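>>> What follows is a predicted protein model with its sequence.
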Amino acid sequence: MAVIVRAGASPLWWPGLLAAAVGAFVPGLTGRRIGLMAGAALFLVALAVVAFSRTGRYAELARGATRAGRSDFLQDRDVTVRNWRRGYRWWLAGAFLVAVASAGVLPGAGGLLLAGAGAGLWLKSVRIGQRERRDDVLYWVRTDWVERGRPAGSRVKGYRTTGPMAGDAAPGGARRRRP
């Protein structure tokens, strides 16, 4: 489940930083200094909003989690990340283009907003990983319940759990390191 949350972090973070760097070289209508200061504020706001939104729903689903059964189909990490990124590739490309284009008004602000959303997703996955380590389980969402990459959407009735060594993802959705 944390893999789905973490899947969007990198495709928002890196293009956001690239758009902010491009924006830093464009004077814009408001000037570089004001644009980058507004971008820093937007970065912090986006980080907080994304990281702390729907935390109650995640906690509620985690409390009601049941052990994964034989009939549950659970995807491995790479398939989940690939499916999420394929489903949102045009939205990500559009967001990048809007962030670069916004440099004409507020240089760097759009890119930093995008990067803040990516950092918020990463922070949310870290918090989920802490809960997984504390409970000594991995949380999973049945693939037929996930609608468009939303691990806490309305179709999700509950999480499934496995042991912490199951699958190819570490707690928090990171890639498991093999010795």
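That came through, no problem.
>>> going forward, measure contacts between C-alpha atoms and count neighbours the same way
Noted.
>>> what ranges do the strands span in this structure?
Applying DSSP state E to the chain gives strands spanning 66-67, 138-140, 160-162.
>>> Show the average pLDDT along the last one.
Think strand 160-162. The pLDDT scores in strand 160-162 average 87.
>>> please begin residue numbering at 27 from this point
Taking 27 as the first residue, the last one we looked at is strand 186-188.
>>> Where do the helices of this structure begin and end?
Ranges of helices in the chain, per DSSP state H, are 28-33, 35-50, 58-78, 81-89, 103-127, 135-161.
>>> got these as a markdown table, with distance to residue 196 and mean pLDDT columns?
Shown next, in a markdown table, are the helices of the chain (distance: least, CA to CA, whole Å; pLDDT from 0 to 100):
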| stretch | distance to residue 196 | mean pLDDT |
| --- | --- | --- |
| helix 28-33 | 9 | 88 |
| helix 35-50 | 16 | 94 |
| helix 58-78 | 20 | 95 |
| helix 81-89 | 17 | 90 |
| helix 103-127 | 10 | 92 |
| helix 135-161 | 8 | 94 |
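>>> and the residue sitting furthest away from the middle of the chain, what is it in contact with?
Within the chain, the residue lying farthest from the chain centre (CA atoms, centre = their mean) is residue 55, at 31.6 Å. When the contact criterion is CA atoms under 8 Å, 6 or more residues apart in numbering, the partners of residue 55 are 130, 131, 132.
>>> burial measure for the first one, as a count.
To tie it back to what came earlier, the one meant is residue 130. Residue 130 has 17 neighbouring residues, counting by other CA atoms under 10 Å.
>>> Would you confirm that it contacts residue 52?
Yes: Residue 130 lies in contact with residue 52 (CA atoms under 8 Å); the separation is 6.9 Å.
>>> most centrally placed residue in the protein?
Closest residue to the average C-alpha location of the chain: residue 147 at 3.3 Å, with CA atoms, centre = their mean.
>>> thought that residue was touching residue 38?
No: taking contacts as CA under 8 Å, residue 147 lies outside contact range of residue 38: 9.1 Å.
>>> Kindly reformat the helices of the chain as CSV containing distance to residue 200.
Shown next, in CSV, are these (distance: least, CA to CA, whole Å):
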stretch, distance to residue 200
helix 28-33, 7
helix 35-50, 11
helix 58-78, 17
helix 81-89, 18
helix 103-127, 9
helix 135-161, 9
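>>> ok, residue 203 - how many residues close by?
So residue 203, with other CA under 10 Å, has 8 neighbours.
>>> what sits against the residue lying closest to it once chain neighbours are set aside?
In this structure, residue 203 finds its nearest non-sequential neighbour in residue 196, 7.9 Å apart by CA to CA, 6 or more residues apart in numbering. Applying CA under 8 Å, 6+ apart to residue 196 gives the contacts 190, 202, 203.
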